[in-house]
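**Student:** give the three-dimensional model of this entry:
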Amino acid sequence: DEGEVTCAVAAIFEVAGKDYIALLPLDENGENTDGEVWLYGYKEDENDPNAEPELFFIEDEEEYEMISDAFDEYLDNQEFDELL
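**Tutor:** As a prediction, the model looks like this:
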């Protein structure tokens with residue numbers, strides 16, 4: 001489909017009581033060559049474990065900065081740097 005991008009899940013993590021997801025957009029070879037990371041709000045349906053999780057665009061710039069910093073910290077703690 002046009003406009004669809006395949007992504008790998010880098011992490012699902014919590015900040016200030018909310019869940020967020022970090023996605024790595026992949027090229028046609030299945031690689032994340034530019035080191036780009038997409039951050040979204042993330043919510044699972046607690047009543048239906050098979051339901052697709054919802055992703056939310058983070059519109060607030062301060063919230064996005066907070067999430068971005070938290071993700072960087074998460075990476076440092078996980079020592080995932082070699083993945084990105």
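**Student:** what residues are up against the residue most central in space within the chain?
**Tutor:** Centroid-nearest residue in the chain, with C-alpha atoms, centre = their mean: residue 22, separated by 1.3 Å. The contact partners of residue 22, by C-beta atoms under 8 Å, 6 or more residues apart in numbering, come to 9, 10, 11, 12, 13, 37, 38, 39, 71. In short, each C-beta sits where N, CA and C put it, glycine included.
**Student:** and the first one, how far from residue 62?
**Tutor:** Here the distance between residue 9 and residue 62 works out to 25 Å (C-beta to C-beta, to the nearest Å).
**Student:** and the worst-scoring helix or strand of the chain on mean pLDDT, which residues are buried?
**Tutor:** Using mean pLDDT, DSSP states H and E, helix 61-78 stands out as the lowest-scoring helix or strand of the chain, at a mean of 91. For helix 61-78, burial by neighbour count (16 or more other C-beta atoms under 10 Å) applies to 63, 67, 68, 70, 71, 74, 75.
**Student:** quick one: the fifth one from residue 51, how far?
**Tutor:** This means residue 71. 25 Å.
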